[in-house]
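In: What shape does this take:
(2 chains)
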Amino acid sequence: MKLYIKYDINLACRVILQEQLEKFNIKYQLLDLGEIDFKENLSEETYNNLQEALSKYGIELLDNQKSQLIQKIKDTIIEMVYEKDKLPTSTISSYLADKLNLSYGYISNIFSENTYTSIENYIIMQKIERAKKLIIEEGLTLTEVSYKLNYSSVAHLSGQFKKTTGLTPSMFKRIVDKRRGIAKE
Amino acid sequence: MISKDQSPINIMLADDDEDDRNFFNDAMKELKIKNNLTIFKDGKDLMDYLNKPDTVLPHILFLDLNMPCKTGNECLKEIRQNPKFKDISIAIYSTSSSERDIENTFIDGANIYIKKPNDFSKLKKVLKEVVNLNWQFHTSGLNKDTFFFSI
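Out: Residues are numbered from 1 along each chain as shown, chains lettered A, B, ... in the order given. Alright, predicted model coming up:
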């Protein structure tokens, strides 16, 4: 018998964190997803044991300030590309600088040093990823996709798509469709 | 999503040409991203190794299309038939630039298609770009099923 599952990943993570932290008797406060405030210093042993316990769930403690910042930048970019129905009209650099309360020059240097790519490239990569999803999963036309992702025209979207992947959006769709056709056999 | 940004990337290569193999080795040494490279002289050695139960699977595998014994295409199809290898990105490189060939290679399950440039330094640049891009996909948890790159 097949059942469908609906799950709330944020809630699941919170509960896992709570259970694990309580197991180690650690005083803490869970802030917005992604942040724990430890009310006391952890011994290296406890910290390592906690890391190990959490890693079974795919949860990792970021103790490095740089990693945390990089993750925040990535999360902000993803939110910008996916959750707002239209991308911000102000420039992306001022949006990021405002949201993270740091100068864009600083943000951009840290990002490039640690991810081997620039923020601009990363944003384009995420936009094209979303474009792929909109084409395949939602069956949107290129006009609709370019509107949703704030491209000035279909030509602009196609151009960036081709530059990023080497394929045109229509070739991309054809390949995915044919692959699915094969999988069904 | 939290991800490990600093663990090395595991790369495999199957190429029957010794110069190409050495050259590829040099290119990977120059990469800023930490990597482990394993090289095979032909498709059969590659498949035998991949099929061993304790083999550490690569993040990305480069296949030369023209190899004796087992061609790159045969390896590609065999790998894609095995769900154990679904997370491996496969990069095919070939001298062909026909759109038909490129499309068919992707349909058969490749993620990356590289038209072998004549120039060694250009090829080096391409290889680095491909590994970097694959690493971006890997560390950002992006969808490998729709990961395509043609250059």
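In: In contact with residue 50, which residues?
Out: In the absence of a named chain, this looks at chain A. A:20, A:21, A:24, A:26, A:42, A:61 (Cβ atoms under 8 Å, 6 or more residues apart in numbering or on different chains). (Each C-beta comes from the backbone N, C-alpha and C, glycine too.)
In: actually chain B
Out: Here residue B:50 is in contact with B:57, B:79, B:85 (Cβ under 8 Å, 6+ apart).
In: Looking at those, which is nearest chain A?
Out: residue B:79 (14.5 Å; Cβ to the nearest Cβ).
In: Could you pull up phi and psi at the residue of chain B at minimum distance from chain A?
Out: Chain B approaches chain A most closely through residue B:150 (3.0 Å), counting by Cβ to the nearest Cβ. For residue B:150, the backbone dihedrals are phi -120, psi 130 (criterion: degrees, to the nearest 10).
In: Just give me the neighbour total for it.
Out: Using other Cβ atoms under 10 Å in any protein chain shown, residue B:150 has 20 other residues around it.
In: again with residue A:136
Out: Quick note: residue A:136 (other Cβ under 10 Å) scores 17 neighbours.
In: which of the contacts of residue A:50 lies closest to residue A:74?
Out: Within these, proximity to residue A:74 (Cβ to Cβ) peaks at residue A:61, which comes in at 17.1 Å.
In: quick one: contacts for the closest one?
Out: Per Cβ under 8 Å, 6+ apart, neighbours of residue A:61: A:36, A:47, A:50, A:51, A:54.
In: Among those residues, name the buried ones.
Out: A:47, A:50, A:54 (16 or more other Cβ atoms under 10 Å in any protein chain shown).
In: So residue A:124 belongs to a helix, correct?
Out: Yes. Under DSSP: H, G, I helix; E, B strand; the rest coil, residue A:124 sits within a helix.
In: Which pLDDT value goes with residue 109?
Out: I went with chain A, as the question did not name one. pLDDT, residue A:109: 88.
In: try again with chain B
Out: 94.
In: Confirm that it sits in a strand.
Out: No. Judged by three-state DSSP, residue B:109 forms no part of a strand; its state is coil.
In: What residues does chain A have near chain B?
Out: Residues of chain A found near chain B (Cβ under 8 Å from any Cβ of the partner chain) are A:34, A:59-60, A:62, A:67, A:70-71, A:74, A:114-117, A:122, A:125-126, A:129, A:132-133, A:136, A:165-167, A:171-172, A:174-176, A:178-179, A:182.
In: What's the local residue count around residue A:56?
Out: Counted with other Cβ under 10 Å, residues neighbouring residue A:56 total 9.
In: can you check residue A:101 too?
Out: Residues near residue A:101, counting by other Cβ under 10 Å: 6.
In: ok, back up a step: would you reformat the contacts of residue A:61 as a markdown table and include pLDDT, distance to residue B:144 and secondary structure?
Out: Putting the contacts of residue A:61 into a markdown table (pLDDT from 0 to 100; distance: Cβ to Cβ, whole Å; DSSP: H, G, I helix; E, B strand; the rest coil) gives the following:
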| residue | pLDDT | distance to residue B:144 | secondary structure |
| --- | --- | --- | --- |
| A:36 | 82 | 31 | strand |
| A:47 | 81 | 33 | helix |
| A:50 | 86 | 31 | helix |
| A:51 | 83 | 27 | helix |
| A:54 | 87 | 25 | helix |
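In: so which of those comes closest to chain B?
Out: The closest of the contacts of residue A:61, once distances to chain B are taken by Cβ to the nearest Cβ, is residue A:54, at 9.9 Å.
In: What residues does the closest one make contact with?
Out: For residue A:54, the contact set (Cβ under 8 Å, 6+ apart) comprises A:16, A:17, A:20, A:60, A:61.
In: So, low pLDDT: which residues of chain A?
Out: By pLDDT under 70, the weakly predicted segments of chain A are A:32-34, A:63, A:84-90, A:182-185.
In: Now look at the longest helix seen in chain B and say if it contacts chain A.
Out: Ordering each helix of chain B by length in residues (DSSP state H) puts helix B:120-139 first. Yes. Helix B:120-139 lies within reach of chain A by Cβ under 8 Å from any Cβ, at B:132, B:135, B:136, B:139.
In: ok, these vs residue A:149, which is closest?
Out: Closest approach to residue A:149 among those (Cβ to Cβ): residue B:136, at 18.8 Å.
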